[in-house]
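Peer 1: Predicted model, plus sequence, below.
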Amino acid sequence: LVSLRRVRLVMESALTARDRVGVQDFVLLENYNSEAAFIENLRRRFRENLIYTYIGSVLVSVNPYKELEIYSKPQMERYRGVSFYEISPHIYAVSDNTYRAMRTERKDQCILISGESGAGKTEASKKILLYYAVTCPTNDHMAALGDRLLQSNPVLEAFGNAKTLRNDNSSRFGKYMDVQFDFRGAPVGGHILNYLLEKSRVVHQNHGERNFHIFYQLLDGGEDDLLITLDLERNPQKYQYLVKGNCPRLSSVSDKNNWKVVMKALPVIGFTEEEVQKLLNIIASVLHLGNTQFGEGEEGETYITTETQIHHLSKLMGVDGSALGEALTHKKLTAKGEEMISPLSFEQALSARDALAKAVYGRTFTWLVEKINQSLALKDELYHSSKGSSVIGLLDIYGFEVLQHNSFEQFCINYCNEKLQQLFIELTLRSEQEEYETEGIAWETVQYFDNKIICDLIEEKHKGIISILDEECLRPGETCDVSFLEKLEDALGGHPHFVTHKLANGKTRRVMSREEFRLLHYAGEVNYNVNGFLDKNNDSLNRNLKEVMCQSDNQILQHCFRREEVIDQKRPEMAATQFKNSLMKLMEILMSKEPSYVRCIKPNDAKQPGRFDEVLVRHQVKYLGLMENLRVRRAGFAYRRRFEAFLQRYKPLCPETWPNWHGRLSDGVSTLVSHLGYKPEEYKLGRSKIFIRFPKTLFTTEDALEAKKPEIGCLGVLYMHVCVCVVIVIQSGWRGMKARRRAKRRRQAAELIRRFIKGFIYRHEEYCPENEYFLDHVRYSFLKNLRQNLPKSVLDKNWPTPPPLVAEASEHLRRMHMRNMTLKYCRRVQPEWKKQMMQKVEASKIFKDQKDSYPQSVGRLFLDSSHVSPFASQYGVSVIKYDRRGFKPRPRQLLLTNTFAVLVDRTKIKQRMDYSAMRGISVSSLSDGVFVVHMPSEDNKQKGDVVLHCSHVIELVTKLAMMANKVSYVNISPGSIRFAVARGKEGIIDFVRGSELKVAKGKRGHLLVVSQRLY
């Protein structure tokens, strides 16, 4: 009901007040062919601060030059999810309609924003981005992306916008931005394409205009230390590239505040401090380039008179100063494979300096856009598939330009607008035709001006203006702008949309210069002066300047000037051809998406609120092609509405449909229009919409509804009275039911509390009705807590403390759980690891707290063999055997088999030691590797005790003791070990601590082992 009431109120304000505020859709203009009626409707709405008007689905926006209270968050919510025509025109309506179309149809969308400089294109794109940032689903990552999207605007404006005669913040480049959304409709990525930056503004500005904002922001807002580092002064008048427009300050703009905004935005986008400093070095170097002056010698040679500037440039750009100075005054030529250095004239040196400044700034701007794109890039691979994400594109591009002096830039801009107009008409007609076919209504052919002939005139291969311009730039010999004009006259002389002074009639010649040609665009005639066309199209930089820039220490300049560019002999494409190719790609992008349009108009040149300049507005209406668009939209039916909306609004006018229609919607609409007396030629019924051909028919119906309102009001009062009574009965019944439920819950809660209190009092008694609930709850709570906090490892000895009631059960559960975990762990242990663990356990039993070197061995795995042996042994290791007499060391290999151990010298067995005859093993308690294997001396086969040294003594003794089953026979002696030398004779090994390991014969014939101290 609220939604329908809102629809009714909005439609009433739009239709019944049309004499005061005009119509909110130009399609409803009675005299739609009249330009005067069109402009008068704009004026009426502008006077009432209604700056937005539709032409069908196209939004026309008039810049109010003041803040309006129509962009708040409540306003965003007002347009969120509302059908396009249900509410008054707004930029948010277009944004929301595009977003919902993307989500429901799963098809990429785009919004094309165009208009003159100062008409509000950039502000419109900001409002759209802000709407998506506020209203779309989001999380922390997506909120950060939204911040980066919004923060990219002030950065791009600082580097790409400038003050012109028409606009204090004019975009001097075209921008297309893709915003990528995931399957939930949340923004997850973005990408920007930039077109035709006006690089000539870097070196020249018309009177009353400024260079790009960033130069003035740096000088006005930069800290003193920063300016000292960059060798800059605060006064813009000190720099040649900033004085030509004679407009260093703007009353409407604070360069200092904007500098703070830009510096705050750069880290958000992802710029490091080093990158920011390198970027500012480049900006400062452009200013120093402008101050680089030249002198001319007696023989015509050119030299640099400002060596200080070259020093600054060398430091800031990271290039060799002498090489840069040489490149600015000489050029390198290649002829027949040989390189020659030729000096530049004074004028050529100035041109080379300016060309370098433009190239450095232009390429840095391209790098800046690439850097922003890296920050906005989609990070999650999940969304890279076309099924997972959709795109809304925003095209903020220059409108049709007709200045007092039009040059190469205006030619490219107007060519772009010709292509967009061609696309606009084609897509509008296609959209109309698709809607007619969907609704089952016959399509009527629409007559309109096809500007393909103008596009072909400019872009056709070998015959178009761009091809002729490229040919003239590449032609050997003397070429100039006038020869280019002559070529145009020869090739295009008979074209109906091309005129020059030579080809014109007498009347036209009086208003055309001999250096101009005229194109008859879709929006009107424009004269272009050919001066500078060849230079701007060449856009070339001397090869030796490129070589100097390639060697820069500045990482940004290294990226901008690739070494491959110097090596590659292929000539790069001309500026116009590059622009044409990028424009073709843009057309492909736009053709693949469903378009929406915003046409921006500025009401006056003085930027004054409330002032409506009819001549200026008429000029823009013509150049934006709005009348052409209106004629295409009105060629069929002026008004269309879905059956349910039309029937809901006008059903009071027919007794059969009032108050409610219970049949099919199409039948209800048919009954209603028959009662209203619509003639067959005035309307058509589609499958889901009614199409009304003439606005007069709709206005008559609206007036009839207005007259019917008093009667509807009386019936409405009665109906509302009945509704109020019914509502009161329903409310009272519902409140009673809620109160009974609430009382029941309270009784149950009170009973539960009583049972708990009683159970707590009797908790130490035997299990009985008084405490059964409480005790059961205690058991349940403990088991629930135990389930969530069971130990996860056999090494984890933690166990929740049980209440006394369940202490015994808790202990049983703990044992069962530990047994279960141990069983599971043992089942998972591999045989090799099990063997390793058994050996480690035995080593711990033997050596723990007994031998100094044991702790170091704990973390090392025991090896299956430390020595490769040709014998079929279980384990082998290198040892040193000490003779029983004289203690001479001899290297041996000790091999352990299942039943005996052998000492081997290479492949010869020196001694065999049977496990069954082994009496024991002795080792010291120190960190040495000496041990004694005690064998019977009576048995000639065993040869008596064996004194050995091994670096893996813990491992070897453990394995030997286990294989011989003599673990309990291992003896650890703290001071000395006695061993049998022969029958009845004993030898002694003394063990002491020292700084390093040493084994030698000591006093009294003992073997002395010095063990290294362990810290």
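Peer 2: Received the coordinates, thanks. Since the structure is predicted, the reported quantities are computational estimates derived from the model, not experimental observations. Numbering: from 1, shown residues only.
Peer 1: Show me which positions of stretch 961-978 end up buried.
Peer 2: Using 16 or more other Cβ atoms under 10 Å as the test for burial, stretch 961-978 gives 961-964, 966-967, 970, 972, 976-977. Quick note: C-beta positions are derived from backbone N, CA and C, even for glycine.
Peer 1: Now the two most distant members of these.
Peer 2: Greatest spatial distance among these (Cβ to Cβ): 963 and 976, at 27.2 Å.
Peer 1: Restricted to helices, list the buried residues of stretch 961-978.
Peer 2: Applying DSSP state H to those, the entries found in helices are 961-963.
Peer 1: which residues of the stretch 151-300 of the chain score low on pLDDT?
Peer 2: By pLDDT under 70, the stretch 151-300 of the chain has no low-scoring segment.
Peer 1: So which residues of it form strands?
Peer 2: Under the criterion DSSP state E, counting those that start in this stretch, the stretch 151-300 of the chain contains strands at 161-162, 170-171, 174-182, 187-195, 294-296.
Peer 1: Dump these to JSON lines, plus mean neighbour count.
Peer 2: Listed next are the strands of the stretch 151-300 of the chain as JSON lines, based on neighbours: other Cβ atoms under 10 Å:
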{"stretch": "strand 161-162", "mean neighbour count": "24"}
{"stretch": "strand 170-171", "mean neighbour count": "22"}
{"stretch": "strand 174-182", "mean neighbour count": "23"}
{"stretch": "strand 187-195", "mean neighbour count": "20"}
{"stretch": "strand 294-296", "mean neighbour count": "15"}
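Peer 1: Dump the ones you listed into a markdown table; add distance to residue 325 as well.
Peer 2: Output for those, formatted as a markdown table (distance: least, Cβ to Cβ, whole Å):
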| stretch | distance to residue 325 |
| --- | --- |
| strand 161-162 | 30 |
| strand 170-171 | 36 |
| strand 174-182 | 36 |
| strand 187-195 | 32 |
| strand 294-296 | 10 |
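Peer 1: between these, which gets nearest to residue 817?
Peer 2: strand 174-182 (45.1 Å).
Peer 1: Give me the packing partners of the closest one, helices and strands only.
Peer 2: helix 121-135, helix 140-160, strand 187-195, strand 389-396 (3 or more Cβ pairs under 8 Å, 6 or more residues apart in numbering; DSSP states H and E).
Peer 1: burial of the closest residue to residue 295 other than its chain neighbours, as a residue count?
Peer 2: Spatially, and ignoring its direct neighbours in sequence, residue 295 is nearest to residue 305 (4.5 Å; Cβ to Cβ, 6 or more residues apart in numbering). Other residues lying near residue 305 total 11 when counted by other Cβ atoms under 10 Å.
Peer 1: Just list the residues touching residue 305, thanks.
Peer 2: 293-295 (Cβ atoms under 8 Å, 6 or more residues apart in numbering).
Peer 1: Return the backbone torsion pair for it.
Peer 2: Here is the backbone geometry of residue 305 (degrees, to the nearest 10): phi -100, psi -10.
Peer 1: measure it to residue 351 for me?
Peer 2: Distance, residue 305 to residue 351, using Cβ to Cβ, to the nearest Å: 17 Å.
Peer 1: what helix or strand is residue 722 on?
Peer 2: Element membership for residue 722, per DSSP states H and E: helix 695-761.
Peer 1: mind checking how far that helix is from the chain centre?
Peer 2: How far helix 695-761 lies from its chain's middle: 48 Å, per Cα atoms, centre = their mean, to the nearest Å.
Peer 1: where exactly do the strands run in the stretch 851-1000 of the chain?
Peer 2: Counting by DSSP E, counting those that start in this stretch, the strands of the stretch 851-1000 of the chain are 875-882, 889-896, 900-905, 908-914, 920-924, 930-934, 946-949, 970-973, 976-982, 985-994, 998-1001.
Peer 1: For these, give me CSV that also has mean pLDDT and distance to residue 486.
Peer 2: Converted to CSV, those look like this (pLDDT from 0 to 100; distance: least, Cβ to Cβ, whole Å):
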stretch, mean pLDDT, distance to residue 486
strand 875-882, 90, 98
strand 889-896, 91, 101
strand 900-905, 90, 104
strand 908-914, 87, 107
strand 920-924, 93, 109
strand 930-934, 92, 107
strand 946-949, 92, 104
strand 970-973, 91, 111
strand 976-982, 85, 115
strand 985-994, 87, 105
strand 998-1001, 84, 104
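Peer 1: just to revisit the earlier point, for the helix holding residue 722, packing partners?
Peer 2: By 3+ Cβ pairs under 8 Å, 6+ apart, helix 695-761 packs against helix 2-15, helix 643-650, helix 772-788.
Peer 1: Of those helices, which shows the lowest average pLDDT?
Peer 2: Of all those, the minimum mean pLDDT falls on helix 2-15 (a mean of 41).
Peer 1: tell me the most buried of the helices and strands packed on strand 174-182?
Peer 2: Most buried of the helices and strands packed on strand 174-182 by mean neighbour count (mean count of other Cβ atoms under 10 Å) is strand 389-396; its value is a mean of 23.
Peer 1: what's the angle from that one to helix 140-160?
Peer 2: 20 degrees (axes from the mean of the first three to the mean of the last three Cα atoms, to 10 degrees).
Peer 1: Taking strand 187-195 as reference, get the angle to strand 389-396.
Peer 2: 40 degrees.
Peer 1: Touching strand 389-396 from outside, list them.
Peer 2: Against strand 389-396 from outside (Cβ under 8 Å, 6+ apart): 98-99, 102-103, 106-114, 121-122, 124-125, 128-129, 132, 171, 174-183, 188-189, 378, 383, 586, 589-590, 593.
Peer 1: do that again at 7 Å, thanks
Peer 2: Contact with strand 389-396 is made by 98-99, 102, 106, 108-113, 121-122, 125, 128, 171, 175-182, 188, 383, 589, 593, as judged by Cβ atoms under 7 Å, 6 or more residues apart in numbering.
Peer 1: Centre of the chain to the next helix or strand after that strand, how far?
Peer 2: The helix or strand immediately downstream of strand 389-396 is helix 408-439, counting by DSSP H and E. In this view, helix 408-439 has its centroid 30 Å away from the chain centroid, taken as Cα atoms, centre = their mean.
Peer 1: cool, and stretch 904-921?
Peer 2: The answer for stretch 904-921 is 74 Å, by Cα atoms, centre = their mean.
Peer 1: can you check stretch 620-638 too?
Peer 2: Centroid separation between stretch 620-638 and its chain, computed with Cα atoms, centre = their mean, is 38 Å.
Peer 1: Rounded mean pLDDT for it, please.
Peer 2: pLDDT averaged over stretch 620-638 gives 78.
Peer 1: pull the CA atoms of it into CSV?
Peer 2: Taking Å, rounded to 0.1, in the frame of the first residue of the first chain, the C-alpha atoms of stretch 620-638 are listed here in CSV:
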residue,chain,number,x,y,z
GLN,A,620,23.9,22.1,-26.4
VAL,A,621,20.5,20.5,-27.1
LYS,A,622,21.5,20.6,-30.8
TYR,A,623,25.1,19.3,-30.3
LEU,A,624,23.9,16.5,-27.9
GLY,A,625,21.4,15.3,-30.5
LEU,A,626,18.5,15.4,-27.9
MET,A,627,15.8,16.4,-30.5
GLU,A,628,16.9,13.6,-32.7
ASN,A,629,16.7,11.2,-29.8
LEU,A,630,13.2,12.5,-28.9
ARG,A,631,12.0,12.0,-32.4
VAL,A,632,13.3,8.4,-32.5
ARG,A,633,11.6,7.7,-29.1
ARG,A,634,8.3,9.3,-30.2
ALA,A,635,8.2,7.7,-33.6
GLY,A,636,6.1,4.9,-32.1
PHE,A,637,4.2,5.3,-28.8
ALA,A,638,4.8,8.2,-26.4
